[in-house]
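1. How does the following fold in three dimensions:
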Amino acid sequence: MGSEGPTPAVTIHVTGFKKFHGVAENPTETIVNNLHDYMNKRGLPKGLVLGSCTILETAGHGALVPLYQTLQNAVSRDGNVSNAERVIWVHFGVNSGATRFAIEHQAFNEATFRCPDEMGWKPQKVSIVPADGSISRVRKSSLPVEDITKSLAKMGYEVMRSDDAGRFVCNYVYYHSLRFAEQNGIKSLFVHVPLFLTIDEDTQMQFAASLLELLAALY
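-> Now for the predicted structure:
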């Protein structure tokens with residue numbers, strides 16, 4: 001049976017992180033806080049709805065409840081299953097040593113934090129979701145990461161595909177998000193950005209906007 005009426009818009013929800021050990025000012029907090037205004041001034045393309053823009057604590061286990069509330073609220077707000085299927089989560093995190101953007105293809109079921117998170121947790125070789133099995137378990141994004149990376153590179157951005165989001169809070173959040181996405185028929189993507197000292201704020205805002213526009217066009 002064919003669907004009736006216009007195709008529902010793609011709703012993209014976005015998260016960033018607060019400061020953490022060694023990064024006093026997290027660029028993703030600035031990007032995500034400014035994204036609504038930036039996209040409105042730029043002009044949202046047809047078929048793209050920018051949903052919630054949320055700043056997460058840079059913490060693992062201690063921040064799980066607000067993380068899942070954020071994920072669940074977005075799906076609930078989008079209503080029925082047909083709309084939920086056109087929901088994408090984009091999580092931005094910073095890699096302070098990076099010189100370019102990284103589109104993360106997957107996350108590991110392992111928490112091994114190099115330093116305590118902002119709630120003082122420092123796990124070592126712990127399964128993020130014990131029910132999923134060992135720390136070697138991997139979850140992959142269902143989005144075409146290779147195509148996304150190539151398209152952004154053609155736009156002139158310094159960007160790479162990555163198969164390893166580390167084992168710190170970024171990987172922790174991504175793993176939970178990918179698991180939630182699979183269970184709810186939606187999609188999830190994690191993107192690492194450099195510091196503003198490496199790639200300036202305006203370029204990073206342009207990159208974030210280009211990424212969202214590209215995702216809406218691909219979906």
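
2. What's the mean pLDDT across stretch 194-214?
-> Mean per-residue pLDDT for stretch 194-214: 97.

3. hang on, I meant stretch 37-54
-> On average, stretch 37-54 scores 94.

4. Tell me which residues of that stretch come out buried.
-> For stretch 37-54, burial by neighbour count (16 or more other CB atoms under 10 Å) applies to 38-39, 44, 48, 50-54. From N, CA and C alone the C-beta is placed, and that goes for glycine too.

5. which of those lies closest to residue 217?
-> Closest approach to residue 217 among these (CB to CB): residue 48, at 8.4 Å.

6. Run through the bridge partners of that closest one.
-> Under DSSP bridges, the beta-bridge partners of residue 48 are residue 10.

7. still on that earlier bit, a markdown table for the buried residues of stretch 37-54, including secondary structure and distance to residue 138?
-> Formatted as a markdown table, the buried residues of stretch 37-54 follow (DSSP: H, G, I helix; E, B strand; the rest coil; distance: CB to CB, whole Å):
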| residue | secondary structure | distance to residue 138 |
| --- | --- | --- |
| 38 | helix | 33 |
| 39 | helix | 32 |
| 44 | coil | 34 |
| 48 | strand | 30 |
| 50 | strand | 30 |
| 51 | strand | 27 |
| 52 | strand | 27 |
| 53 | strand | 28 |
| 54 | strand | 25 |
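
8. would you turn the residues you listed into a markdown table with distance to residue 112?
-> Listed next are those as a markdown table, based on distance: CB to CB, whole Å:
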| residue | distance to residue 112 |
| --- | --- |
| 38 | 35 |
| 39 | 36 |
| 44 | 39 |
| 48 | 37 |
| 50 | 34 |
| 51 | 32 |
| 52 | 30 |
| 53 | 29 |
| 54 | 25 |
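
9. can you count the residues close to residue 180?
-> As a burial measure, residue 180 scores 18 neighbours (other CB atoms under 10 Å).

10. All set now, cheers.
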